[in-house]
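Trainee: below are the sequence and a predicted model for it; my questions follow.
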Amino acid sequence: MLDLFDMSAVLNPVHRVATPVPVQLVGRWSVQEAEIVRKYMPEVESGPSVRAGYANLVRNADTQVPSGRVWHKNGTYVMSLPSFNADFSRKAYESFAWCAQAAANIFGCKLREPDMGLTLDDCLALPEDERVLSFDLETTSLLPTEGHFSCASFCLMDGSRCFVPAGHEEVRDAIGRLHAAGFSFLVCNAPYESKWVKHHCGFVMRLFDDVQVQAALLNEEGHKGLEYLSAWVGMAGYDYLMSEHLAPLSPKNGAVAGRRAHHEAPIQLLREYNALDTIATALIHRCMKHKLAEEFAEAGVRNCLSYRCLLDSQTTLASMELNGMYVDPVEMLRSRAYLDQVSEGAIRVIAEECAKRGNQPDLTNLGNPKDRMKALHAAGVKCKSAAKKELIRYKKSEVVDAMLAWSSAQSLKAGVMKYAEDACARGGLLKTNFSVTALVTGQLTSRNPPMLNIAKSPIRKMFRSRFGDDGVLLSLDYSQLHLRIMANVAKCRGFIDAFLEDRDLHSLTGALVVMGMDEDKFLERLADGDNECAEARQTGKRINFSVITEVTGHGLSELLGSSVRQADIVLSRFYDVYPEVLAAHERQHELAAKQGYVVSPTGRLRHLREARSRVPKLRARAGRQATDYLVSNPGRTCTLIAMNAMHERLTDGGMRSVIINQLHDAIIHDVHLSELDTVLEWVRPCYIDEPHAAMPEVFDPVKLALDGHYGPHWHHKEDSTPVVVA
C-alpha cells in the first residue's frame, strides 16, 4: 500500500513563494509525533509556551480545540494537531500527517494566487475531445433545495487556469451553457454537486470522474475528503484563508455549530478559495489515476467494473436523495404510538420479572448500558454485557426478548422517527444521505437518518407513495443473491445442483448438515408439519448465509444459541457436504497472505495487511475479510448496476416514477400508476439482463432470480400485489 504522504508522488505541485515563519512545538509531543512534524518542517523548534512572533503547533489533547484549525492567540498563529499513541490507526496517522503538512504550507510558505484568467468563451472554444473541466461549487446553504450559488469554479484538467463566475444567475448560465456544449465534469463528492445542479439548473450533469471514488478504491481505510486528499499534491492547508469565515466549531468534537458562513467572506477571497479547490481536484485526479493504473497492473486487473459502477451510482444516489420517501402524517403518528407501546410493554415485562425476584432496579434510564445490565441481572439474566451480540445468547428468555425489543424501538425513535416528524412538517419527504465510498467494503451507507437500519417493522407502513391513490411503492428483491454468487465463484456442486434443479437449498442444508438425514425423508417430514424439521430448515438458512462469508465457530454459536463445540461440529459437517466452499475460503486466505490484498470478481482490490501479521487472531480476521469480499462485493456491484440501469431508463423516458431507497438486496421505487406497466416491463432488462451482461462469469451457471411486490405502502405483503421475475 502506498504512502499517502509520500511527496515523490506529487505530479504538479502548486508553486509557492517562501515566506518563512518561526515555528515551535508547544506541549507534550511524543518522539514519533515530533518526527512527523519535522518531516515537513525541519526547522521547527520546541518551547514550553506560546511566544509572540512564532507560529505555534499545539497538541489537540492539550487544547481541546478541533484539529487542523488555525486561530490567533497572543498576536501569533496557533494550530492544533491531533495526537495519537503508539498503536495509531491509519486514519489517525493521516489526520496527523495532513495537519503537519498543512502547517508547513501555512507557516513555511504562501500558496501563490491561482490563475483565474480563463473565460467562459475560452472553455467553449476547447476541442470536443477536451471538453472536461474540474468543477466545484460554493453555496449559501448545505441543503440542495435551499440557498443560492455564491460562485462556481471551472478549471482546466492540468490545474493551470480557472474560470470562476460569481452570483446565482451567472453560475446557472455558465453551467447551462457548458452542459449544452457537451462538457463533463470532474468533482469531489459527486452527489453534492449533482443535487445542486439538478435542483437549480434542471438537468443531470455529465460526470467524468469523482476523486472521492478514486480515493475509495485506492485509499480504502483512510480519509476521502478534499482537505485530506490535497496532501497528495502538496496543497494541504490552502483553505486556511477561509478560517475567519467558517461557522463556529464545537471544541469537543469539531462538529459545525450553526449555519454555513463561507458565503460571508469577501467575494474575491471566496473565488480564490473556490479556484484552489478545483486545482486540487484536478491534480489529485491525475495523481490517483496514475497510482490506480499501477495497482491494477500489478494485480492483473484489466477492467475494474466496480470503478465504473461506483462512478455511475453517484448521480443515481444524488437523485434518490432529492426524491426522498414520502411520510404519511397519520401513519407517522401511529408508528410513533406503536414504538411507545413496544417500549412500555418491554419495560413492564422486565419490571414484573424483577418484582418476582424481590428486586426493584431503576428502569428509567435503560439507555445507559450499566443500568441495562443492572436491570437484566435483577431479572435473573446473568449476562456479561448488555450488548445485542451478547444478549442473542439468551434469546429464549422473555426478559432478553423484551430488552432487545426496547432497544430496537428506542433506536428507531431516535434514528428515524425524529426525522420523519421533521419531514411531515416540511411537506412530507424524508431525505437521507447515501454513500458508497464511506466503507472499505463498498457497501451502501445511509445517515441522517439511517434508512438502511429500518428492519421489517410495522413503522414501514408510514412510507407511502407521493402520488397518493395514483401511486404505489414497488419493492424488488434479489433472491438468495450471495448464495448464488458463491455457487458460481466456488463452483460448488451442491449449491449449483440445488439452484438448477429448483430445490430448496436451506432444506438441503437443514437435512444434511443440521439433522444428518436423507433429503427426501427430511422434505416428507417437513411437508407433514414436523416442527423439528421446520426449525432445522431455519437453522440451515442461518448457516448458509453465515458460513459463505466464513463465520467462526464462536460467531456461529452466538447465531445458533449453541456451545462453541456444537457450532464447530456444524461447521465441519457443512464443509464435508460442500467442500468447494471450504476450498474457496482457503484460496482467499492464501492469496491474502501472499499478496497482502485480494481482488473481487468485479476487479476491485481490498488491501489486507493483517493477512501477513504474526498475530494469529489478526491473520484469521483478515482471512475472513478476504472471504467475505469474494461474494459481498459482486453482490453490491450487481445491485448498483441494476439500480443505475433503471434510473437511466426512468430519466431518459421523462418518467414521474423514481427510485427512493436501496436496502441490502432490495430496491424500492415510487411508481405512478399510469407508468406501472412500463416500469414492470423494464424490470427484467435492468435487474436481470444488465448484471448478467456485465458479470457473465459471476452468474454462470446459476442465474439471478428476483421477486417483489407493490402496494400502497412499503413492505406489507398482506395488501400488496406480488411481482415474480424468473
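Mentor: Received, thanks. Please read these numbers as outputs of a predicted model, since none were measured by experiment.
Trainee: contacts, neighbours, all on C-alpha from now
Mentor: Will do.
Trainee: residue ranges with poor pLDDT in the stretch 401-550 of the chain?
Mentor: Along the stretch 401-550 of the chain, no part satisfies pLDDT under 70.
Trainee: which stretches in it count as strands?
Mentor: Using DSSP state E, counting those that start in this stretch, the strands found in the stretch 401-550 of the chain span residues 429-430, 433-435, 445-447, 471-478.
Trainee: other SSEs contacting the first one?
Mentor: When contacts are defined as 3 or more C-alpha pairs under 8 Å, 6 or more residues apart in numbering; DSSP states H and E, strand 429-430 sits against strand 325-326, helix 418-425.
Trainee: spell out which strands sit alongside it in the sheet and which way each one runs.
Mentor: strand 325-326 (antiparallel) (DSSP bridges).
Trainee: from the chain's centroid, how far away is the partner strand?
Mentor: Between the centre of strand 325-326 and the centre of its chain there are 21 Å (C-alpha atoms, centre = their mean, to the nearest Å).
Trainee: from here on, call the first residue 28.
Mentor: Taking 28 as the first residue, the last one we looked at is strand 352-353.
Trainee: what mean pLDDT does it get?
Mentor: For strand 352-353, mean pLDDT rounds to 96.
Trainee: likewise stretch 582-602?
Mentor: 87.
Trainee: now stretch 635-649
Mentor: Mean predicted confidence for stretch 635-649 is 91.
Trainee: show me what the longest helix anywhere in the chain is packed against.
Mentor: Longest helix in the chain, counting residues (DSSP state H): helix 643-679. On a contact count with 3+ C-alpha pairs under 8 Å, 6+ apart, helix 643-679 meets helix 332-350, helix 508-516, helix 606-622, strand 624-626, strand 685-690, helix 717-721.
Trainee: list the buried ones in it?
Mentor: 646-675, 677-678 (16 or more other C-alpha atoms under 10 Å).
Trainee: just to revisit the earlier point, could the strands of the stretch 428-577 of the chain be laid out in CSV, adding mean neighbour count?
Mentor: Shown next, in CSV, are the strands of the stretch 428-577 of the chain (neighbours: other C-alpha atoms under 10 Å):
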stretch, mean neighbour count
strand 456-457, 23
strand 460-462, 21
strand 472-474, 18
strand 498-505, 24
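Trainee: would a markdown table of those strands with distance to residue 264 be doable?
Mentor: What follows is the strands of the stretch 428-577 of the chain, written out as a markdown table (distance: least, C-alpha to C-alpha, whole Å):
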| stretch | distance to residue 264 |
| --- | --- |
| strand 456-457 | 36 |
| strand 460-462 | 25 |
| strand 472-474 | 28 |
| strand 498-505 | 46 |
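Trainee: closest to residue 642 out of these?
Mentor: Nearest of those to residue 642, taken as C-alpha to C-alpha: strand 472-474 at 31.0 Å.
Trainee: from the contact counts, what lies against the closest one?
Mentor: Short answer (3+ C-alpha pairs under 8 Å, 6+ apart): strand 472-474 packs on strand 460-462.
Trainee: contacting residues around the strand it packs on?
Mentor: With contact meaning C-alpha atoms under 8 Å, 6 or more residues apart in numbering, strand 460-462 is reached by 344, 345, 348, 471, 472, 473, 474, 475, 476.
Trainee: again, 7 Å this time
Mentor: 344, 348, 471, 472, 473, 474, 475 (C-alpha atoms under 7 Å, 6 or more residues apart in numbering).
Trainee: what domains does the record give for this protein?
Mentor: Listed by automatic domain parsing, the domain ranges of the chain are 47-135, 147-327, 355-454, 495-505+666-752, 510-661.
Trainee: how long is the last one end to end?
Mentor: I take that to be domain 510-661. 12 Å (C-alpha to C-alpha, to the nearest Å).
Trainee: chain center to it: distance?
Mentor: 25 Å.
Trainee: likewise the shortest one?
Mentor: Counting by C-alpha atoms, centre = their mean, domain 47-135 is centred 31 Å from the centre of its parent chain.
Trainee: want to throw the domains of the chain into a markdown table with distance to residue 461?
Mentor: What follows is the domains of the chain, written out as a markdown table (distance: least, C-alpha to C-alpha, whole Å):
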| stretch | distance to residue 461 |
| --- | --- |
| domain 47-135 | 21 |
| domain 147-327 | 9 |
| domain 355-454 | 15 |
| domain 495-505+666-752 | 9 |
| domain 510-661 | 17 |
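Trainee: which stretch in those has the least confidence?
Mentor: The minimum mean pLDDT among the domains of the chain belongs to domain 47-135 (a mean of 78).
Trainee: distance from the longest helix of the chain to the middle of the chain?
Mentor: The answer for helix 643-679 is 12 Å, by C-alpha atoms, centre = their mean.
Trainee: can you list the buried residues in stretch 248-268?
Mentor: In stretch 248-268, counting by 16+ other C-alpha under 10 Å, buried: 248-251, 253-267.
Trainee: kindly report the same for stretch 535-545.
Mentor: For stretch 535-545, by 16+ other C-alpha under 10 Å, it's 535, 536, 537, 538, 539, 540, 541, 542.
Trainee: list the contacts for the last one?
Mentor: Contacts for residue 542 were tallied using C-alpha under 7 Å, 6+ apart; they are residue 563.
Trainee: the second one now?
Mentor: Residues in contact with residue 536, defined by C-alpha under 7 Å, 6+ apart, are residue 567.
Trainee: go with 10 Å
Mentor: If a contact means C-alpha atoms under 10 Å, 6 or more residues apart in numbering, then residue 536 has 521-522, 542-543, 546, 563-571, 600-601, 604-605 as its contacts.
Trainee: cool, and the first one?
Mentor: Residue 535 makes contact with 521-522, 525, 541-542, 544-547, 549-550, 563-564, 567-568, 604 under the criterion C-alpha under 10 Å, 6+ apart.
Trainee: then residue 634?
Mentor: 28, 244-248, 467, 619, 622-626, 649, 652-653.
Trainee: of these, which is the most crowded?
Mentor: Within the contacts of residue 634, residue 653 tops the neighbour count with 30 neighbours, counted by other C-alpha atoms under 10 Å.
Trainee: which one is that residue nearest to, not counting chain neighbours?
Mentor: Setting aside the residues directly before and after it, residue 653 is nearest to residue 615 in space (C-alpha to C-alpha, 6 or more residues apart in numbering), at 5.8 Å.
Trainee: same question for residue 186.
Mentor: Looking at residue 186 with C-alpha to C-alpha, 6+ apart, the closest residue is residue 306, at 4.7 Å.
Trainee: for residue 127, see how far away that neighbour is.
Mentor: The value you get for residue 306 to residue 127, if C-alpha to C-alpha is used, is 21 Å.
Trainee: more crowded one of those two?
Mentor: A direct count of neighbours by other C-alpha under 10 Å for residue 306 and residue 127 places residue 306 higher, at 31 against 28.
Trainee: just say helix, strand or coil for the residue in the chain sticking out farthest from the centre.
Mentor: Seen from the C-alpha centroid of the chain, the residue lying at the greatest distance (C-alpha atoms, centre = their mean) is residue 385, 47.2 Å away. Here residue 385 is recorded as coil under DSSP: H, G, I helix; E, B strand; the rest coil.
Trainee: show the contacting residues for it.
Mentor: 379, 405, 406.
Trainee: the first one should be in a helix, yeah?
Mentor: Yes. When classified by three-state DSSP, residue 379 is found to be part of a helix.
Trainee: you'd agree it is up against residue 403?
Mentor: No. In this structure, residue 379 is not within contact of residue 403 by C-alpha atoms under 10 Å, at 12.0 Å.
Trainee: give me the common contacts of those two.
Mentor: Residues touching both residue 379 and residue 403 by C-alpha under 10 Å, 6+ apart: residue 426.
Trainee: who has more neighbours out of the two?
Mentor: The neighbour count for residue 379 versus residue 403, taken as other C-alpha under 10 Å, is higher for residue 403 (24 against 15).
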